[in-house]
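Visitor: sharing a sequence plus its predicted fold:
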Amino acid sequence: MSNIPTAKNVTVIPALTTAEVRERKFKQIRVAAYCRVSTDHEEQQNSYQVQIAYYTELINSNPEWTLAGIFADEGISGTQTKNRKEFNKMIRRCKQKKIDLVLCKSISRFARNTVDCLEYIRELKLLGIGVMFEKENINTMTMNSEFIISLYGSFAQAESESISKNVTWGVEKSFKEGKVKYSLDKMLGFRRGDDGKPVIVEEEAEIVRYIYKLYLDGLSLKRIARRLRDEGVKKWNGTTDWTSVTVYGILKNEKYAGDAVLQKTYTVDCILHKQVKNNGEKDKYIVYDCHPAIIERDTYNRVQQELARRGSIRKRSDKTETEQGHYASKYALSDILICGECGTAYRRVTWTSHGHKLIVWRCISRLDHGSKYCKNSPSINEEKLQTAIVDALNRVYADGEKLMEEMKRNLMMVMTDKDIAASEIEKMKMRLNEISKARNGLVHLITSGAVDEDSLDRDFEDLINEEKFLKEQISDRKAKSKLSDEKRYHLMSAFEELQKAKFQMTEYDDVTVRKVVECIRVLSKTEVQIIFKGGFEMNVEVDR
């Protein structure tokens with residue numbers, strides 16, 4: 001020590017007092033508070049004012065803190081931060097380095113969306129800014145793991161989803177009670193009455209009836225639209241720009257039959273607030289005879305059946321390169337006569353030889369691609385084919401009891417399948433409830449400190465995977481149940497049509513064939529298979 005040189009001039013800097021040390025250490029901590037209430041109720045409004053006063057006093061009373069602002073969103077949903085102006089303003093101040101610490105009553109006040117919650121906490125933490133949640137006793141700057149914040153964020157999101165479900169429950173309850181809210185602004189044939197219900201505008205209603213008649217007469221959507229344009233028929237908005245889409249919408253609209261289908265769309269979840277078309281994921285509710293009908297129910301049902309039948313033929317053969325099976329309205333056989341080898345529709349063709357014309361039907365795949373995809377499909381003489389169809393229909397009508405018994409058996413099978421699907425769905429829903437309880441139990445063990453969170457990671461993962469699988473299975477069962485409903489409807493319609501049909505055909509008729517025949521499959525040059533609506537099949541010989 002004696003070798004160390006000594007300085008000649010030394011100035012002593014006096015130590016600060018305890019109060020001075022505290023002031024210097026914390027004077028740069030600029031503290032802001034964020035508070036929010038989600039409703040406009042008077043009680044909640046009082047809570048809103050109380051929160052502002054509370055945080056103002058709390059920050060000002062602490063000598064280590066400097067007030068950097070009170071940010072409060074009033075009457076704003078917490079599920080999406082983009083809708084909270086004050087919250088976003090606070091985040092901007094943080095990025096501008098004007099805030100060092102944020103106080104918040106609870107995670108549910110900060111964000112009800114787990115993703116947003118973690119995203120902002122991580123972002124602020126990188127800026128050196130902590131968030132203190134009073135209720136959960138969490139300071140994000142002192143946390144070693146994000147698990148607990150994710151956990152609480154999940155709770156907050158679940159709470160928000162619960163609120164959304166309560167609102168949804170109220171809406172569905174009104175659906176079940178048959179409360180219909182009508183939207184008639186763009187609907188041809190109706191106007192809103194004094195009581196809010198539809199009132200028929202007869203001049204426009206005649207147009208709707210005309211469209212239904214044309215469709216049942218066999219015209220395609222495209223041909224109907226063209227005829228309406230050519231005839232100068234006006235739409236609801238006074239224009240004449242008819243399209244097949246417009247015609248289809250009128251034919252599908254159940255309100256023309258006096259009914260209303262509720263919950264055609266639904267909200268995906270409370271976070272996105274996005275509405276999507278209900279394709280069977282949620283229950284739909286049909287309110288029958290809730291307003292005057294423009295179209296008779298029998299006519300409406302026959303149109304729906306015909307729409308489904310025409311739609312079912314729009315299927316592409318695995319062996320063809322283009323969409324061949326579109327509906328052709330001029331001839332009934334154009335969309336029900338198909339190749340037994342490749343599944344492609346047949347097309348009407350005129351052969352001319354030595355001045356003589358012969359009408360035949362040929363596989364479209366053979367016509368367009370030769371034998372590349374379909375090697376053995378025969379050509380069928382139209383007159384002989386029509387004669388075979390007439391003979392088959394007369395045999396069926398003469399022995400209608402056999403066909404009706406077949407329909408009854410098919411109907412019972414469809415109803416049984418639907419009952420089985422409903423039972424399976426109920427069991428899977430019960431298991432989902434058990435999974436929810438098990439997950440809550442694991443959460444309780446972790447939050448109480450009874451076990452380490454890492455030891456339960458596998459259990460959490462197994463429960464989440466099983467939950468995902470069950471939800472997919474439920475969705476699949478619901479889709480199959482919907483198909484069963486459609487099949488049952490077609491069977492019932494065909495059954496009723498057969499009961500009404502008591503006649504002998506003397507010549508081929510496109511209209512009758514459309515009503516009772518589902519499909520005709522060409523097996524060979526001398527044999528076809530006729531499949532009637534309702535599932536009954538019959539093999540018929542065709543003369544050479």
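Guide: Structure's in. What do you need?

Visitor: residue contacts, the nearest residue in space to Pro378 that is not next to it in sequence?
Guide: Leaving aside its chain neighbours, Pro378 sits nearest to Lys525 (3.9 Å; criterion: CB to CB, 6 or more residues apart in numbering). (C-beta placed from N, C-alpha, C; glycine too.) Applying CB atoms under 8 Å, 6 or more residues apart in numbering to Lys525 gives the contacts 378-380, 542, 544.

Visitor: what of Thr512?
Guide: Per CB under 8 Å, 6+ apart, neighbours of Thr512: 393, 505.

Visitor: okay, now the domains of the chain?
Guide: 18-172, 190-310, 313-377, 398-532 (automatic domain parsing).

Visitor: okay if I get those domains as CSV plus distance to Ala388?
Guide: Output for those, formatted as CSV (distance: least, CB to CB, whole Å):
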stretch, distance to Ala388
domain 18-172, 53
domain 190-310, 21
domain 313-377, 12
domain 398-532, 7
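
Visitor: and these, which one is worst for confidence?
Guide: Looking over the domains of the chain, mean pLDDT reaches its minimum on domain 18-172, with a mean of 72.

Visitor: just the helices in the stretch 1-150 of the chain please.
Guide: 18-26, 42-61, 85-95, 107-110, 114-126, 147-176 (DSSP state H, counting those that start in this stretch).

Visitor: next secondary structure after the longest one?
Guide: Tracing the chain past helix 147-176, the next element assigned as helix or strand by DSSP states H and E is strand 190-192.

Visitor: helices or strands up against that next one?
Guide: Helices and strands touching strand 190-192, by 3 or more CB pairs under 8 Å, 6 or more residues apart in numbering; DSSP states H and E, are strand 198-200.

Visitor: how about the strand it packs on: buried residues?
Guide: Residues 198, 200 are the ones in strand 198-200 that count as buried (16 or more other CB atoms under 10 Å).

Visitor: parallel or antiparallel, list what pairs with that strand.
Guide: Applying DSSP bridges, strand 198-200 is found paired with strand 190-192 (antiparallel).

Visitor: so Leu523 is in contact with Gln529, correct?
Guide: Yes. Counting by CB atoms under 8 Å, Leu523 touches Gln529, with 5.8 Å between them.

Visitor: mind listing the shared neighbours of the two?
Guide: 340, 539.

Visitor: hmm, back to that, what's the closest of the domains of the chain to Val180?
Guide: domain 190-310 (4.6 Å; CB to CB).

Visitor: give me the contact list for stretch 238-255.
Guide: Looking at stretch 238-255 with CB under 8 Å, 6+ apart, the contacting residues turn out to be 182, 187-188, 190, 198, 208, 211-212, 215, 220-222, 224-226, 228-229, 232-235, 256, 260-261, 286, 291, 300, 303-304, 307.

Visitor: so which of those residues belong to strands?
Guide: 190, 198, 260-261, 286 (DSSP state E).

Visitor: now, of those, which are buried?
Guide: By 16+ other CB under 10 Å, those give 190, 198, 260 as buried.

Visitor: show me what the second one is bridged to.
Guide: Each beta-bridge partner of Pro198 is listed here, defined by DSSP bridges: Arg192.

Visitor: now for it: which residues touch it?
Guide: Contacts of Pro198 by CB under 8 Å, 6+ apart are 182, 184, 187, 190-192, 255, 291-292.

Visitor: could you rerun that using 7 Å?
Guide: By CB atoms under 7 Å, 6 or more residues apart in numbering, the residues touching Pro198 are 182, 184, 190, 192, 255, 291-292.

Visitor: just the buried ones from those residues, in ChimeraX syntax?
Guide: Only the buried entries of the contacts of Pro198 go into this ChimeraX selection, using 16+ other CB under 10 Å:
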select :182,184,190,255,291
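
Visitor: dihedrals phi and psi, Lys235?
Guide: phi -80, psi -170 (degrees, to the nearest 10).

Visitor: again, but for Pro292
Guide: phi -60, psi 140.

Visitor: need the contact list for the nearest residue to Lys85 once chain neighbours are set aside.
Guide: Once flanking residues are discounted, Lys85 sits nearest to Asp73: 6.8 Å by CB to CB, 6+ apart. Contact analysis of Asp73 by CB under 7 Å, 6+ apart lists 36, 84-87.
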